[in-house]
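A.B. asks: predicted model and sequence follow; I will ask about them next.
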Amino acid sequence: VVAQKESNKILTEAKTQAHDMIESAKTEQVRLAEQSASECERIVKEHKEKCAELIRTNTEITEKKINEVRAAYDEELAKFENLKAEVTQFKADLTQLYNKQIRLIMEIPASEPAEDTAEEYEEEETVEETQEAAEEQAEETAEPEGAVETESAPVTDSEHVEKILNTGSFDPVIPKTAPAELKFGKNN
């Protein structure tokens, strides 16, 4: 009977211990589940914050680069516009200079060929041929196609210069087709 009681007591204690252990395990399981869930939430939250910060940083960097490119574009556009203005001014100045030179050339009096040397005569013939070519070019540019020629009074040199200058064309008065035919500076 004592052994029976002792075995019942041991069994009861074992059951109680087993029940306590099961309850403790369940409690531990719930605690670990809550802890892992909160850890997961913390990790997800950290990653979301890091992603948001990374997106914000990259957006700022990208916007900064876009603004730099826009500023560089605007600067280059302003330089381009200034260059266009300078080219226009240069063309106007150059045209004005050419007009003055043409007027000066036309004011040079024509002289009769001297009988000193054949070279001087040939040079004067070249000048006269150049003037004739200039006059022909001026007549071609001054008269529209299909225009009927009418008899008019002889054209003076100053009228001829004005006629050439007022053609509105930037074509050379004496056309040169090859660069070797052009002479500037000491090459004259």
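C.D. replies: Received the coordinates, thanks. The model shown is predicted, which means the values in this text are computed figures rather than measured ones.

A.B. asks: quick one: least confident helix or strand in this protein?
C.D. replies: Least confident element among the helices and strands of the chain, by mean pLDDT, DSSP states H and E: helix 118-142 (a mean of 57).

A.B. asks: which helices and strands does the strand or helix carrying Val44 pack with?
C.D. replies: Here Val44, judged by DSSP states H and E, is contained in helix 2-107. When contacts are defined as 3 or more C-beta pairs under 8 Å, 6 or more residues apart in numbering; DSSP states H and E, helix 2-107 sits against helix 157-165. (Each C-beta comes from the backbone N, C-alpha and C, glycine too.)

A.B. asks: what is the mean pLDDT for the helix it packs on?
C.D. replies: The average pLDDT within helix 157-165 is 66.

A.B. asks: what does stretch 55-75 give?
C.D. replies: For stretch 55-75, mean pLDDT is 96.

A.B. asks: count the neighbours of Lys100 for me.
C.D. replies: Here the count is done by other C-beta atoms under 10 Å, and Lys100 has 10 residues near it.

A.B. asks: ah, wrong one, I meant Glu49
C.D. replies: Burial of Glu49 is recorded as 10 neighbouring residues (other C-beta under 10 Å).

A.B. asks: and for the one 3 residues further on?
C.D. replies: Residues near Ala52, counting by other C-beta under 10 Å, number 10.

A.B. asks: quick one: pLDDT of it?
C.D. replies: Ala52 is given a pLDDT of 94.

A.B. asks: where's it relative to Lys45, distance?
C.D. replies: Using C-beta to C-beta, to the nearest Å, one gets 11 Å for the distance from Ala52 to Lys45.
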